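# below are the sequence and a predicted model for it; my questions follow.
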Amino acid sequence: MQLSMAIRKNYGSFTLSTDVTVFGDRVGIFGVSGSGKSTLVSVLAGLVEPDVGEIFLNGECLFSSLNGINFRPEQRRIAMVFQQHCLFPHLSVKNNLLYGFKRCPEKYRSIDFSALVEVLKLEELLGRGVTNLSGGEKQRVALGRAILANPRLLLMDEPLSALDDTLRFQIIPYLKSVSSEFGIPYLFISHSLVEMRLMVDTVLAFEKGVMVGQTTSEQLARNRMGSSQVGYINLLKLGRPSDEGSLYAYPWGAARLLLSEKSERDESVAELSSKDIIIFKQHPEAISARNLLQCKVCSLFSSGRRIGVELDCAGNTLISEVVQDAVNELGIVPGSTVFAAVKASAFRILPG
Amino acid sequence: MQLSMAIRKNYGSFTLSTDVTVFGDRVGIFGVSGSGKSTLVSVLAGLVEPDVGEIFLNGECLFSSLNGINFRPEQRRIAMVFQQHCLFPHLSVKNNLLYGFKRCPEKYRSIDFSALVEVLKLEELLGRGVTNLSGGEKQRVALGRAILANPRLLLMDEPLSALDDTLRFQIIPYLKSVSSEFGIPYLFISHSLVEMRLMVDTVLAFEKGVMVGQTTSEQLARNRMGSSQVGYINLLKLGRPSDEGSLYAYPWGAARLLLSEKSERDESVAELSSKDIIIFKQHPEAISARNLLQCKVCSLFSSGRRIGVELDCAGNTLISEVVQDAVNELGIVPGSTVFAAVKASAFRILPG
Amino acid sequence: MIPLAPTDYDAIRLSLQVSLAATLLSLPFGFAVAYLITFVRFRGRVLVEVLVNLPLTLPPVVVGYFLLLLLGKHGWLGSLFNAAGIRLIFTLKAAVIACAVVGFPLLVRSMRIGMEGIDPQLINASRTLGARWYDTLLTVILPLSFPGLVAGSSLMFARSLGEFGATIIVAGNIPGVTQTIPLAIYEYASSPTSETMALSLCIVSVAISLVVLFLHESMAKKMARKN
Amino acid sequence: MIPLAPTDYDAIRLSLQVSLAATLLSLPFGFAVAYLITFVRFRGRVLVEVLVNLPLTLPPVVVGYFLLLLLGKHGWLGSLFNAAGIRLIFTLKAAVIACAVVGFPLLVRSMRIGMEGIDPQLINASRTLGARWYDTLLTVILPLSFPGLVAGSSLMFARSLGEFGATIIVAGNIPGVTQTIPLAIYEYASSPTSETMALSLCIVSVAISLVVLFLHESMAKKMARKN
Amino acid sequence: AGDVNLFIAASLKEVINELSDSFARKSPGVKFVKNYGASGALVKQIENGAPSDVFISANLEWMEYLKNKNLAEVSSIGNFTYNAMVFAGAPGKASSMRDLIKLERIAIGSPKSVPAGKYATEAFKKAGIDKQLGKKLVMAKDVRECLMYAERGEVDGAFVYRTDVLQAKQAKMLFTVPQELYPRVTYPMAMTGEGAKNRDATAFFAYLQSDEAKRVLLKYGFSSR
Ligand SMILES: Nc1ncnc2c1ncn2[C@@H]1O[C@H](COP(=O)(O)OP(=O)(O)OP(=O)(O)O)[C@@H](O)[C@H]1O
Ligand SMILES: Nc1ncnc2c1ncn2[C@@H]1O[C@H](COP(=O)(O)OP(=O)(O)OP(=O)(O)O)[C@@H](O)[C@H]1O
Ligand SMILES: [Mg+2]
Ligand SMILES: [Mg+2]
């Protein structure tokens, strides 16, 4: 997806003004309460008309105050999960879910209804009205309704805020797989750093209606490594695992990694944060971390207060982050040999 | 506060049934979506009449199907923060906030309006209507309105779910201080374990309408460590930091921790995931992790596939998680001495 | 038992026919007009509003007179229909039109109150889900303004049951053909000897509206139960 | 310019007086009845509903007759007032009562549609914040049913401007005393020579309702802007 | 001098207006409160205590009713004036009762509520054409309405009073209904109990029976006998 928005929208004391072009299918919007996130997605969906500006989605002009172009919401095929749910009170859960689906041209319909209902745990609610649903149930219906519209862009305004962790972490991989499988890019608003980290590659940061930073996935990783909890996310291509006691041993290039998570697939991708890698100068003894890899330091780069260390582990690349003191003390320089320790539970296998 | 509820309420396929007596001023309610949390607090507030049962608050009977007692909501002095805000659309923010305050007898009025408005960052919104507020703004108004009613019990249904971390961690200490200063006990519903642990002492866990356990928030977090992606979050009380090269040294009980984040306050709380602690049997040499703490193993507990290790570090408690293989290999048993390595960047200071 | 003459049974039947036809006939137009006034900003909106409310402000007799001018042999509409071989005045059609015109403002106003209560975000939601304006109209606005629609219809039906002034002018007062209940009541009431007959018909009229009322209530309840 | 006789000015003044008085007088009662029917489950609810809707179903002339029986010398209410030295029939008071009774169902129905649209959770919220039922009534239900109230009042005002059948019976048709616009129009229209006068009064009537309409619209807009 | 409350059948409006005006000129200080309406409504109003002094009905039945209720001063009851039935319509449509059967649509007052309607149907019966006319009749609320239909050409003709057709613009009097076919059209008058005690009212009541009044009535098309 390529989305460019150069717009201004004034509401009395609040003004939203952005001039941004963003590439990538998984985009996050981050900012404090009242910073204009919901306004931004409403503009994108065509529900709020900007005062001036232009919006292009994949090269197509959706709005242009200059040329008098303003596609109506129903022409945009941009579905939205509203912050306040906005379910149709006169329809059952099932008919709420199917509202967009029925209006979607046959050729675009690719989401499987029953799989979605299962992930969202809505099976037992299908026949019910929506007025008496619990907060989390409403949120799930709203999410399902938007996905089933098979949009070309999905806007989600804090779609998981009312859900418990179990549900949330079941829905996140589903959302990602739906997005990649059917090519539905999304914009995701959340206050949760964990959700952001799991859901998106690119983040647009807003403050008082102004975009204060856009980072592509690579930039984000390096910038935020120093200033945030997210760190740099290493993506590791793993082979088919074998049982190894209570753990699972995955081939990783020429090396071998122990993970606590099991995968049934021949190929998996695992996430590993740069923060979850500890570097030793010498081989440590008796350590709880199950993976101890001998690596060569390729390069060093700094990000904020932290130093990124690019490691070569049997031909694979890993980015670890350390502080300057550690670099000095351990004498980490390009070319030196170190040991990287990673806990078996630090990996997260991406659902595929 | 002493609250006992022995009630049953049936909604078709869902039945809420509790028989619980809870002591303490800070009580949490935990459960997956649809487990009956909102129904429970509605019953308590007098908005939903149980089919049968009794409710006593501090010895006073609020409801008894046997004796035909059913205090009306306005007689209970129990304020509620609704999950869906429920602000009065015809009133300004200020008049929404003051609605309960004006109806509260003079003698009970103790909350300071302007202090509350400041904490909730509502100063600039006071004159506005509520319809166009952002999601987080609405939630703050709803919270403020309930507190200003100076109730004798405050029910909060996910009151912080739409807020960013900065705001959230500013509001939490305020809520706690208001509660203790003016003696307002509260029931707090949240899906966030961190909020739970910061806000409440006792947790009532619900599953499918049935109370399945009454525990401390600490215990709850340990129980859920294994199933959570983020592990168990240690909350560390830190003192005022001093500069230490590129890092900051914080007193932590008798120990000292190096963090990469700076705090200007005399006291801070930092989060540390159980996953970010690596355990060594012997003191490792030359390690990139900046904190290497000698600890004594207090106890082991299992949660899902993981083993929780409760460590005593110079009088402080830390929970680390490891896999069973590591326990065997390192010979981790209660009483043994180990080294815990934590990277300076693994800590996250809560805003406040 | 209430004594009723054979022509009274005719009157009851005719009244029911006229009221029902007027209500059903007005529903789509009323809905369209209420929708236009509530949701669409267009030139001449005020004119539409004034036209719709006109029959309310004017005494029904005057409305009847204007209708006569319009539907009569030489009237603008009447001559059109005449050319097509259809006579309107002094027929039940004219009675239906009279009731429809007189009740229309009530119907539209009720529907508008219902429509104005719809959360605009629901309309937005339906549009982001691909519904065009007419789709939203039928699948969101129509069902959500149903309480207003039902209330408006029952108002209009009741009003039609009692419509006298306009009807008697355009439809005449022909027993068995255009004499509805109010017309029959009027006839009875204007002679000192048949007052009890007038009262009987009043009771019938009230009974009918009672039934309509209950239907309305039960419909409203049914809808409430759906949630 | 429209030619108007001096008695026409009286009629306009009287009509405005009567309509305004009827509307204002009915508002509190209408609100109370609408509240009762919508929010309170009590025995006799159906009876109240039937009574309220009665004047709608019956032709206004019949309503007028019933009112005459009630308010007349020997009537249940009339004799009460008579004892207090107050004569009701053939005064403006009777005209006000007639308009109030005839317009009441419209007012109540509009208010009910407005009230039924109120989110019950808002009422719950106000009660948890310590508001008793009458407090909630005044501070939540009343302001939130304001659109229905305004719509109902304007309906009722307009209906009162056009009220003829009941008024002429209980208040008589006395120029300068009880002759309102519709009665004056009736008088003019019943003689072929004064049809233009009738038309002039029609136009005045429509103009007044237009003003009321605009007031109503601007009130509704003002309230919308508040949000 | 005080108020004189007149309860007058609507069809007498113009004539009473003129008579009361001329009486008021002669006796300054007398104020007339005039209430025009349908005879039945007027009687009901009187019965229920509406302030009334003089009542003139267009209908003998209602005067009878009033008398039976003891609301009229029996000695005062008399006939104010008379009228005649005519057939009005576009010129050339008909010239006698026989011609009516050729017409398509004829307006009469509602026989049950409007005396003119009752008289018309009686006339049809006596003339032996009631069967043929059955389906052609349009019943109107009152005579004015009948005339209006005729004026606008909605009907071929209407049975109305002579006094009405004098005011018509389009419709012309086509023939007078022979008096032997229907009873005399009579406007009875009476003073109420209250009126009998009101000196101005009795004076006006007398004036209504004066020759001067008869002249005015004649002018409007009424007949004094
Ligand atoms: N229609 C409107 N009229 C006036 N002000 C508005 C309107 N819509 C939004 N605002 C204001 O604009 C600001 C941004 O609102 P927005 O809903 O975009 O915030 P947000 O980033 O989504 O916040 P949150 O995280 O709390 O949902 C807020 O201060 C809000 O009050
Ligand atoms: N009035 C009602 N009628 C029927 N079912 C109801 C009603 N209210 C609640 N329920 C059902 O009862 C169950 C519990 O609802 P409740 O709102 O208490 O859940 P919750 O624990 O608050 O969930 P969440 O975290 O999603 O808000 C849900 O399945 C809900 O659908
Ligand atoms: Mg928002
Ligand atoms: Mg809930």
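Received the coordinates, thanks. Numbers count the residues shown, from 1 in each chain, chains lettered A, B, ... in the order given. Ligands and ions are numbered 1, 2, ... in the order given.
# C-alpha from now on. contacts and neighbour counts both.
Noted.
# what about the chain, any weak spots by pLDDT?
Looking at chain A here, since you left the chain open. By pLDDT under 70, the low-scoring segments of chain A are A:193-194, A:216-231, A:350-352.
# oops, wrong one, chain E.
For chain E, the ranges with pLDDT under 70 are E:1, E:225.
# what's around the residue of it found nearest chain A, how many residues?
The nearest approach of chain E to chain A comes at E:Lys141, 48.4 Å away (C-alpha to the nearest C-alpha). Other residues lying near E:Lys141 total 22 when counted by other C-alpha atoms under 10 Å in any protein chain shown.
# ok, it - contacts?
By C-alpha atoms under 8 Å, 6 or more residues apart in numbering or on different chains, the contact set of E:Lys141 is C:168-169, C:172-173, E:109-110, E:113-114.
# and the biggest helix by length in chain C, how far out from the chain middle?
In chain C, with assignment by DSSP state H, the single longest helix is helix C:6-39. Using C-alpha atoms, centre = their mean, to the nearest Å, the mean C-alpha position of helix C:6-39 is found 4 Å from that of the whole chain.
# for the helix or strand that comes right after it, buried residues please.
Next along the chain after helix C:6-39, taking DSSP states H and E as the criterion, comes helix C:45-57. The neighbour-count check on helix C:45-57 (16 or more other C-alpha atoms under 10 Å in any protein chain shown) flags C:49-50, C:52-57 as buried.
# list the helices and strands the helix or strand following helix C:45-57 packs on?
Following helix C:45-57 in sequence order, the next helix or strand is helix C:60-71 (DSSP H and E). Under the contact criterion of 3 or more C-alpha pairs under 8 Å, 6 or more residues apart in numbering or on different chains; DSSP states H and E, helix C:60-71 touches helix C:76-83, helix C:92-116, helix C:165-171, helix D:181-189.
# pLDDT of the third one, averaged?
The predicted model assigns helix C:165-171 a mean pLDDT of 89.
# can you give me the strands for the stretch 251-352 of chain A?
Assigned by DSSP state E, counting those that start in this stretch, the strands in the stretch 251-352 of chain A fall at A:255-259, A:268-273, A:278-280, A:291-303, A:306-313, A:316-323, A:337-342, A:348-350.
# now render the ones you listed as JSON lines, adding mean neighbour count and distance to B:Phe82.
Below are the strands of the stretch 251-352 of chain A laid out as JSON lines (neighbours: other C-alpha atoms under 10 Å in any protein chain shown; distance: least, C-alpha to C-alpha, whole Å):
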{"stretch": "strand A:255-259", "mean neighbour count": "21", "distance to B:Phe82": "42"}
{"stretch": "strand A:268-273", "mean neighbour count": "20", "distance to B:Phe82": "38"}
{"stretch": "strand A:278-280", "mean neighbour count": "26", "distance to B:Phe82": "45"}
{"stretch": "strand A:291-303", "mean neighbour count": "18", "distance to B:Phe82": "43"}
{"stretch": "strand A:306-313", "mean neighbour count": "22", "distance to B:Phe82": "43"}
{"stretch": "strand A:316-323", "mean neighbour count": "23", "distance to B:Phe82": "43"}
{"stretch": "strand A:337-342", "mean neighbour count": "24", "distance to B:Phe82": "44"}
{"stretch": "strand A:348-350", "mean neighbour count": "18", "distance to B:Phe82": "36"}
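# now tabulate these in JSON lines and tack on distance to chain C.
Putting the strands of the stretch 251-352 of chain A into JSON lines (distance: least, C-alpha to the nearest C-alpha, whole Å) gives the following:
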{"stretch": "strand A:255-259", "distance to chain C": "42"}
{"stretch": "strand A:268-273", "distance to chain C": "34"}
{"stretch": "strand A:278-280", "distance to chain C": "48"}
{"stretch": "strand A:291-303", "distance to chain C": "41"}
{"stretch": "strand A:306-313", "distance to chain C": "43"}
{"stretch": "strand A:316-323", "distance to chain C": "42"}
{"stretch": "strand A:337-342", "distance to chain C": "45"}
{"stretch": "strand A:348-350", "distance to chain C": "30"}
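# most tightly packed of the helices and strands packed on helix C:60-71?
Across those, the average number of neighbours (mean count of other C-alpha atoms under 10 Å in any protein chain shown) peaks for helix C:165-171, which reaches a mean of 29.
# now it - C-alpha only, CSV.
Provided in CSV are the C-alpha atoms of helix C:165-171 (Å, rounded to 0.1, in the frame of the first residue of the first chain):
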residue,chain,number,x,y,z
GLY,C,165,-64.1,18.5,7.2
ALA,C,166,-62.1,17.8,4.1
THR,C,167,-63.7,14.5,3.3
ILE,C,168,-67.2,15.7,3.2
ILE,C,169,-66.3,18.4,0.7
VAL,C,170,-64.4,16.3,-1.8
ALA,C,171,-66.1,13.0,-1.3
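# please see if that helix touches chain E.
Yes. Using C-alpha under 8 Å from any C-alpha of the partner chain, helix C:165-171 reaches chain E at C:168-169.
# rewinding a little: and the angle from the longest helix of chain C to helix C:92-116?
Angle of helix C:6-39 versus helix C:92-116, following axes from the mean of the first three to the mean of the last three C-alpha atoms, to 10 degrees, is 40 degrees.
# contacting residues around the closest residue to A:Ala344 other than its chain neighbours?
Counting by C-alpha to C-alpha, 6 or more residues apart in numbering or on different chains, A:Ala344 lies nearest to A:Leu259, which is 4.3 Å off, once chain neighbours are set aside. Shown in contact with A:Leu259 (C-alpha under 8 Å, 6+ apart): A:247-250, A:343-347.
# what remains of those residues if I keep only buried residues?
For the contacts of A:Leu259, a burial check counting by 16+ other C-alpha under 10 Å picks out A:247-250, A:343-347.
# what residues of stretch E:29-36 count as buried?
The neighbour-count check on stretch E:29-36 (16+ other C-alpha under 10 Å) flags E:30-36 as buried.
# swap that for stretch A:102-118, please
Across stretch A:102-118, burial judged by 16+ other C-alpha under 10 Å covers A:102-104, A:109, A:111, A:116-117.
# now it, how far from the chain's geometric center?
Mean C-alpha position of stretch A:102-118 versus that of the full chain (C-alpha atoms, centre = their mean) differs by 22 Å.
# ditto for stretch A:237-251
26 Å.
# hmm, who's touching it?
For stretch A:237-251, contacts defined as C-alpha under 8 Å, 6+ apart pick out A:252-253, A:256-270, A:344, B:323-325.
# rerun that using 6 Å as the cut-off
Taking contacts as C-alpha atoms under 6 Å, 6 or more residues apart in numbering or on different chains, the residues outside stretch A:237-251 that touch it are A:252, A:256-260, A:266-269.
# switch those residues over to CSV; also include distance to ligand 3.
Converted to CSV, the contacts of stretch A:237-251 look like this (distance: C-alpha to the ion, whole Å):
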residue, distance to ligand 3
A:Trp252, 42
A:Arg256, 45
A:Leu257, 42
A:Leu258, 41
A:Leu259, 38
A:Ser260, 37
A:Asp266, 41
A:Glu267, 39
A:Ser268, 35
A:Val269, 33
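# by mean pLDDT, which helix or strand of chain C comes out lowest?
Every helix and strand of chain C was ranked by mean pLDDT, DSSP states H and E. The lowest is helix C:195-226, at a mean of 80.
# got the phi and psi for the residue of chain E closest to chain A?
The phi/psi pair for E:Lys141 (degrees, to the nearest 10) reads phi -70, psi -40.
# and it, how far from D:Pro120?
Distance, E:Lys141 to D:Pro120, using C-alpha to C-alpha, to the nearest Å: 51 Å.
# go on, E:Pro183?
For E:Pro183, the distance to D:Pro120 - C-alpha to C-alpha - is 69 Å.
# check C:Arg45 too.
Distance, C:Arg45 to D:Pro120, by C-alpha to C-alpha: 34 Å.
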